[in-house]
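Prediction below, plus the sequence it came from.
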Amino acid sequence: MLIDVVSVKPRKDFQLELEFENGERRLFDMHPFLELKPWNRIASLPLFEHAKVEYGTVVWPGEIDIAPETLYDCSTPL
């Protein structure tokens, strides 16, 4: 089941505080992804902090995004 992201707050420890359309708030750790393409392009904090929600998922400048099901499945409840 696909659950859209409705808000994101990037943290200085390369984690994302997420809120999903079902009302759940979850924490997603980006560290494992930052060594992989294309996310290695946002491995600096000033770029990482440009995270925003578009089309139900988290996106960054440069057409970088991450699947909402990955964000949900790999995050922990807040």
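Arrived safely.

Any idea how many residues pack against the closest residue in space to residue 78 that isn't next to it in sequence?
Of all residues not flanking residue 78 in the chain, residue 25 sits nearest, at 4.3 Å (C-beta to C-beta, 6 or more residues apart in numbering). All C-beta atoms are positioned from the backbone trio N, CA, C, and that covers glycine. Using other C-beta atoms under 10 Å, residue 25 is surrounded by 13 other residues.

Next, residue 25: phi, psi?
Per-residue torsions, residue 25: phi -110, psi 130 (degrees, to the nearest 10).

going forward can the numbers begin at 48, since that is how I track them
With the count now opening at 48, the last piece we talked about shows up as residue 72.

which ones are touching it?
64, 65, 66, 124, 125 (C-beta atoms under 8 Å, 6 or more residues apart in numbering).

Return a PyMOL selection command for the buried portion of those residues.
Per 16 or more other C-beta atoms under 10 Å, the buried members of those correspond to this PyMOL selection:
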select buried, resi 65+66
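
export the contacts of residue 72 to JSON lines and tack on secondary structure, distance to residue 55 and pLDDT?
What follows is those, written out as JSON lines (DSSP: H, G, I helix; E, B strand; the rest coil; distance: C-beta to C-beta, whole Å; pLDDT from 0 to 100):
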{"residue": "64", "secondary structure": "strand", "distance to residue 55": "7", "pLDDT": "98"}
{"residue": "65", "secondary structure": "strand", "distance to residue 55": "6", "pLDDT": "98"}
{"residue": "66", "secondary structure": "strand", "distance to residue 55": "8", "pLDDT": "98"}
{"residue": "124", "secondary structure": "strand", "distance to residue 55": "16", "pLDDT": "97"}
{"residue": "125", "secondary structure": "coil", "distance to residue 55": "13", "pLDDT": "95"}
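
And the helices in this structure?
Assigned by DSSP state H, the chain shows helices spanning 92-95, 115-120.

That's all I had, so thanks and see you.
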